[in-house]
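1. I need the structure of the sequence given here:
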Amino acid sequence: MEVLTEGNVRIVTVVICSVLSFCALLVIVSLSLILSTTGGNCILYAHSTSYGSDALCSFPIAIATIFLLLYCLARAVFIVVALRGIFGKEYIGHKVFLIVCTVVDVISCLLTLVSGGLISHGFNVMCSEVFKPHPDKCGSLDIYIPATNSFLKHYHLRLNIAEAGVWLGWVLWLLLILCDMFHVWKADLLSASSLPFSMPSWPIRGRQQTGSKATKGRNDSEASSERDIQQPQGSSKYFFRPRLAEGGSGSRTPPPSRPVPKRPEGPPKGVMMTKY
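-> Here you go, the predicted structure:
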């Protein structure tokens, strides 16, 4: 029984998308609770006298909401509906759908990696700057918030939950990309003939042009040889000029033999013959 089939991989894709949606809730809820307590001020990269930029908290929340929650939830629902034969069964294996999902998953993985770096590094900077020179007390002491005239509690736990959620989501994105590559491989989209655009045939054209030039050169040389052969005799430049044979084209008659003078009878005059 084969385990690695397209149906099983689609089920794994649904499970991964569901867990990614749960990771998104961990990030969104944890950071939102901190922002509500601090009056909308971000404590990532915060110092003892200033808060961090609002974008440092808004960016991870936006990425988790758009990609980890909405996109993954919609994709999981669509695959389940298609597998049950309700709607869109012919689209889940289409090459356009597979390519779009693969590209979106790669982009989401990179953005989730950036979000994880912001949360982890911002958390460390906050603990080292706010509780300087005792950063080890981060989490054991509360932080006073002048904007709300209250103390921020459980911030260490909430940031740990957000950090765990975003890094778990990044690992799941990698697994989801592997599932996408499996579907792309099964659909034979990795070959050049299956790509949506035609590959240029420059080397083939070059060989054809080279062959045509060589053929043209041979034809020119043959034509010049025939012109030389068909020139009339009588030119004083050449002692012998070949001509085409009457029996066929291209064959040549052998050169005429020169007349051999007759050998004179008897010894020539002025030569002494010795008899042995």
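2. just the helices in the stretch 101-250 of the chain please.
-> Assigned by DSSP state H, counting those that start in this stretch, the stretch 101-250 of the chain shows helices spanning 155-186, 202-230.
3. wait, isn't C138 in contact with C127?
-> Yes. Between C138 and C127 there is a contact under C-beta atoms under 8 Å: 3.5 Å. For every residue, glycine as well, the C-beta is placed using N, CA and C.
4. if we can go back for a sec, compare the mean pLDDT across the helices of the stretch 101-250 of the chain and name the weakest.
-> Of all these, helix 202-230 carries the lowest average pLDDT, namely a mean of 51.
5. by contact count, what packs against the helix or strand that contains V19?
-> Using DSSP states H and E, V19 falls within helix 6-37. Under the contact definition 3 or more C-beta pairs under 8 Å, 6 or more residues apart in numbering; DSSP states H and E, helix 6-37 sits against helix 54-63, helix 72-83, strand 150-152, helix 155-186.
6. Dump those to JSON lines, plus mean neighbour count.
-> What follows is the helices and strands packed on helix 6-37, written out as JSON lines (neighbours: other C-beta atoms under 10 Å):
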{"stretch": "helix 54-63", "mean neighbour count": "18"}
{"stretch": "helix 72-83", "mean neighbour count": "17"}
{"stretch": "strand 150-152", "mean neighbour count": "14"}
{"stretch": "helix 155-186", "mean neighbour count": "19"}
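7. Of all the ones you listed, which one is nearest S30?
-> helix 155-186 (3.9 Å; C-beta to C-beta).
8. Show me what that closest one is packed against.
-> Packed against helix 155-186 by the contact rule (3+ C-beta pairs under 8 Å, 6+ apart) you find helix 6-37, helix 95-130.
9. Contacts only, for the nearest residue to C109 once chain neighbours are set aside.
-> Among residues not flanking C109 along the chain, W173 sits closest, at 3.8 Å (C-beta to C-beta, 6 or more residues apart in numbering). By C-beta atoms under 8 Å, 6 or more residues apart in numbering, the contact set of W173 is L20, D105, S108, C109, T112.
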